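Participant: Let's see this in three dimensions:
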Amino acid sequence: IITSGAVFGLTAYVKEISYFTYLKNRVIRLLAPTWGFLAMFFVLSYIIYFIAGKPYPFSTRIILTNLLLHGQVGSLWIIQVFLLVAVTAPLLANLRRFLKTTSKFLTALMVFYFLYELLYYFYGEANIDRPFDSLIKDYFFYMLPYSCIFGLGLCLPSMNKKLFFLISASCFIVFVWMALSSGHFVQTQLYKYPPRIYYLSYATFSSLYLFAIFRNVVVTNVIIRRLIAFVSRESLWIYFWHYFFIYYFTRCYIFLPKWMNDFAFKFFIILLLSAATTYIQQHIIARLKYE
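Facilitator: So this is what the prediction gives:
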C-alpha cells in the first residue's frame, strides 16, 4: 500500500488525473488478473481433485463469492483493499495539493486515523445488527486506515529526512509501548482484520526501515537488476500463485517429511515455485502475442 501510494504520487504530480478515468482503469487492472487467476485456480483444482479421486470441494456458490472477493481462496482480501483505496487515491492527491505542505497533509491523515480508531472503539466490537453494519465493518474499516497508509506513501518520495525519522521513530515507539504494556508478546496478525494501531505501527515502521536501507542502493549487476525488475513488474501474479501453492502444500504436509514443514524451507520453495510459474506464464503469453 505504501509503495502503491509512492508510485501514484509521482504520477499524480506529473499530470492531472481524471477521477473516474483513474478509477475505471484501476478497477480493470485489478479485477482482470484476479478473475484470470481464480479461473485457472478452479480449473486446475478440478483437474487435481479428479486425478486424486477426491470430490471437488468448490461449489458454484463458493466460486461466485470468490469472484466477488468475499471468499477465502487465495486470501484475496488485499485486492479488495486496493479497490477501496482506489476510490480515495485521487481525493488524497487533491487534498495534498490543497494543503500544499507535507506536514499539514500528514496531520490531516493523523486526524482521519484518530477518527477511525475512535469509531472502531465505539462501534467495531459491537455485535448489534444495525443498518449498514456490514458496509461499515467490511469496507469502511479497511478503506479509511489503508487510505491513510496510502497517503503516507504519497509523501514518501519527497519527504525530508527529519520528518521521515520522526514518523519512523514514532511508529516504533508506539509499537514497543503497546507490546510491553500487554505483559506478553501479542501477534500483530491478531490486529490486522481490520488493521489497528498495534499492527499498523509495526508494519509502517518495518516498511519505512526497509525503504531507508534500500533507497540509496545502486544495483549494477545485470542479472540482479533483471530479477528485481521481474519481481516488481509481476508481483501481483507471484502473490496469486504463492497462495495456490500454499493451498496445496497445507493439504499435503501430513504426507511430507518433517523437515519439509520447516517455515524457512516452505517460504523458499513456495516463493521459487510462484516466481517460476509466473515466469513461465508470462513467457507463454508473450509467445502467443508474438505469433
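
Participant: hang on, residue 201 packs against residue 169?
Facilitator: No. Here residue 201 does not reach residue 169: they are 11.1 Å apart, not a contact under Cβ atoms under 8 Å. C-beta: built from backbone N, CA, C; applies to glycine.

Participant: between the two, which one's more packed in?
Facilitator: For residue 201 against residue 169, the residue with the higher neighbour count under other Cβ atoms under 10 Å is residue 201, and the figures read 22 against 12.

Participant: element containing that one?
Facilitator: With elements taken from DSSP states H and E, the one containing residue 201 is helix 197-214.

Participant: OK, contacts around the nearest residue to residue 168 once chain neighbours are set aside?
Facilitator: Nearest in space to residue 168, with sequence neighbours left out and distances taken as Cβ to Cβ, 6 or more residues apart in numbering, is residue 208 at 4.5 Å. Residues in contact with residue 208, defined by Cβ atoms under 8 Å, 6 or more residues apart in numbering, are 2, 164, 167, 168, 171.

Participant: Now tabulate these in a markdown table and tack on distance to residue 193.
Facilitator: Compiled in a markdown table, the contacts of residue 208 are given as follows (distance: Cβ to Cβ, whole Å):
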| residue | distance to residue 193 |
| --- | --- |
| 2 | 19 |
| 164 | 28 |
| 167 | 24 |
| 168 | 25 |
| 171 | 20 |
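
Participant: Just put these in JSON lines and tack on distance to residue 236 and neighbour count.
Facilitator: What follows is the contacts of residue 208, written out as JSON lines (distance: Cβ to Cβ, whole Å; neighbours: other Cβ atoms under 10 Å):
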{"residue": "2", "distance to residue 236": "16", "neighbour count": "20"}
{"residue": "164", "distance to residue 236": "27", "neighbour count": "16"}
{"residue": "167", "distance to residue 236": "27", "neighbour count": "18"}
{"residue": "168", "distance to residue 236": "27", "neighbour count": "18"}
{"residue": "171", "distance to residue 236": "26", "neighbour count": "22"}
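
Participant: Out of those residues, list just those in helices.
Facilitator: In this view, the contacts of residue 208 that belong to helices under DSSP state H are 2, 164, 167, 168, 171.

Participant: Quickly name whichever of the residues you listed is closest to residue 215.
Facilitator: Checking those against residue 215 with Cβ to Cβ, the nearest one is residue 164 at 9.6 Å.

Participant: And that closest one, how close does it get to residue 36?
Facilitator: Residue 164 is 38 Å from residue 36, where distance means Cβ to Cβ, to the nearest Å.

Participant: follow-up on the earlier one: run through the neighbouring helices and strands of the helix or strand following the helix holding residue 201.
Facilitator: Once helix 197-214 ends, the next helix or strand along the chain (criterion: DSSP H and E) is helix 222-233. Counting contacts by 3 or more Cβ pairs under 8 Å, 6 or more residues apart in numbering; DSSP states H and E, helix 222-233 is packed against helix 263-290.

Participant: Do me a favour and average the pLDDT over the helix it packs on.
Facilitator: In this model, helix 263-290 has a mean pLDDT of 88.

Participant: Sort out which residues of that helix are buried, please.
Facilitator: 266, 270, 273, 274, 275, 277, 278, 281 (16 or more other Cβ atoms under 10 Å).

Participant: now stretch 189-196
Facilitator: Within stretch 189-196, the residues that qualify as buried by neighbour count (16+ other Cβ under 10 Å) are 191, 194, 195, 196.

Participant: Surely the first one and residue 198 touch.
Facilitator: Yes. Between residue 191 and residue 198 there is a contact at 4.5 Å, judged by Cβ under 8 Å.

Participant: Could you list which residues are in contact with the nearest residue to residue 199 once chain neighbours are set aside?
Facilitator: Nearest residue to residue 199 in three dimensions, chain neighbours excluded: residue 191, at 4.1 Å (Cβ to Cβ, 6+ apart). Neighbour list for residue 191: 197, 198, 199 [criterion: Cβ under 8 Å, 6+ apart].

Participant: try residue 78
Facilitator: With contacts taken as Cβ under 8 Å, 6+ apart, residue 78 has the following neighbours: residue 239.

Participant: can you tell me the helix or strand for it?
Facilitator: Judged by DSSP H and E, residue 78 forms part of helix 77-99.

Participant: Mind checking what helix or strand follows that helix in sequence?
Facilitator: As assigned by DSSP H and E, the chain's next helix or strand after helix 77-99 is helix 102-119.
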